[in-house]
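Colleague: need a structure here:
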Amino acid sequence: MSEDDLAKELEQQSVTAVRRFTFKKDGVVQPTNTYLFTFARTSIPQSIKANYCNIGVEVYIPFQLRYYTCQAFGHGCKSCHASAVCYRCGDNHEATDCRKDVKCSNCGGNHMASSKSCPVWKRESQIMRIKTEQNVSYYEAKKRVEGLTTNTSTISRPPVTTASIDCQTGLTWVKSVQPLSTASIQKPALPPSSVTPPKPKIVKHVESQTPKITPEPEPFKLTNREKKLLKKKQLREHQRPPLL
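Modeller: The predicted model follows:
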């Protein structure tokens with residue numbers, strides 16, 4: 001299916017243009033399975049539906065432009081008025097058969113101008129990412145990147161002194177793997193030698209003077225048989241005639 005046919009099929013999903021990425025191998029242009037979609041909406045969708053399949057969509061962040069004549073970033077041939085610069089040595093000549101020492105024309109480092117390890121290329125890539133993701137102009141993205149770099153460079157941390165801590169156990173000596181900060185360790189305060197320690201106070205146990213209370217004896221209790229015998233004895237004494 002061609003790119004125009006794909007754009008027509010996905011027109012209902014706000015797709016306005018489709019472009020397929022290609023690469024060149026041995027002088028032959030070969031297509032890839034990656035497509036670039038242009039949407040007529042303020043934000044891109046998370047996925048699109050094609051042939052009953054959900055295909056994920058990501059933000060496309062293009063590489064920063066580098067003009068191969070002057071080796072500078074951010075412009076093309078139409079807006080360039082500088083002289084030719086060698087991408088290998090950084091001198092003012094065309095890069096045809098240069099055999100000089102490698103030197104970057106943008107940062108002066110020991111690499112070519114096309115190297116991705118160049119700090120200028122990394123900064124320009126970060127500017128392009130902010131420009132694409134936040135939908136701002138190039139100059140606004142450049143200001144934000146410069147603000148981030150200045151804020152991170154001004155932050156300084158005080159040095160932290162460390163010391164190794166050892167402890168003795170019943171088996172062997174155990175040493176700590178990670179060093180600890182000496183600021184968190186508090187040394188015990190030693191008493192001066194001229195001051196004698198106070199004598200311990202002797203406290204005597206004093207018994208209380210309260211009188212002891214003896215419990216009262218419990219009353220004597222009679223059984224039923226003894227009660228009956230006592231009643232009979234009292235009746236006999238009442239019935240006995242008095243002595244003259």
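
Colleague: so Y138 touches K131, yeah?
Modeller: Yes - taking Cβ atoms under 8 Å as the definition, Y138 is a contact partner of K131 at 5.7 Å. C-beta: built from backbone N, CA, C; applies to glycine.

Colleague: Between the two, tell me which one has more neighbours.
Modeller: For Y138 against K131, the residue with the higher neighbour count under other Cβ atoms under 10 Å is K131, and the figures read 21 against 14.

Colleague: where does the residue nearest to the more buried one when sequence neighbours are not counted land in three-state SS?
Modeller: The shortest distance from K131 to any residue other than its chain neighbours is 4.0 Å, reached at A141 (Cβ to Cβ, 6 or more residues apart in numbering). Going by DSSP: H, G, I helix; E, B strand; the rest coil, the secondary structure assigned to A141 is helix.

Colleague: which residues touch A141?
Modeller: Taking Cβ atoms under 8 Å, 6 or more residues apart in numbering, we find A141 in contact with 127-128, 130-131, 134.

Colleague: swap the cut-off to 7 Å and go again
Modeller: Each residue near A141 by Cβ atoms under 7 Å, 6 or more residues apart in numbering is listed here: 127, 130-131.

Colleague: repeat for Y139
Modeller: When the contact criterion is Cβ under 7 Å, 6+ apart, Y139 has no partners at all.

Colleague: Hmm, V145 is touching Q126, no?
Modeller: Yes - V145 is within contact range of Q126, at 5.3 Å (criterion: Cβ atoms under 7 Å).

Colleague: Which pLDDT value goes with P45?
Modeller: Each residue has a pLDDT score; the one for P45 is 90.

Colleague: so it sits in a strand?
Modeller: No - assessed with three-state DSSP, P45 is coil; it does not lie in a strand.

Colleague: ok, it touching V57?
Modeller: Yes - taking Cβ under 7 Å as the contact criterion, P45 and V57 are neighbours in contact, 5.8 Å apart.

Colleague: any idea whether S117 is helix, strand or coil?
Modeller: The three-state label for S117, taken from three-state DSSP, comes out as coil.

Colleague: backbone phi and psi for F39, please?
Modeller: Reported as degrees, to the nearest 10, the phi and psi values for F39 are phi -110, psi 140.

Colleague: Also T34?
Modeller: Torsion angles at T34 (phi, psi; degrees, to the nearest 10) stand at phi -110, psi 130.

Colleague: now, which of the contacts of A141 lie within helices?
Modeller: Secondary structure from DSSP state H places 127, 130-131 of these in helices.

Colleague: Now tabulate these in a markdown table and tack on pLDDT and distance to F39.
Modeller: Written out in a markdown table, the entries for the ones in helices among the contacts of A141 read as follows (pLDDT from 0 to 100; distance: Cβ to Cβ, whole Å):
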| residue | pLDDT | distance to F39 |
| --- | --- | --- |
| I127 | 89 | 23 |
| I130 | 90 | 20 |
| K131 | 89 | 18 |
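
Colleague: which one of those is nearest N224?
Modeller: Distance to N224, by Cβ to Cβ, is smallest for I130 among the ones in helices among the contacts of A141, at 111.9 Å.
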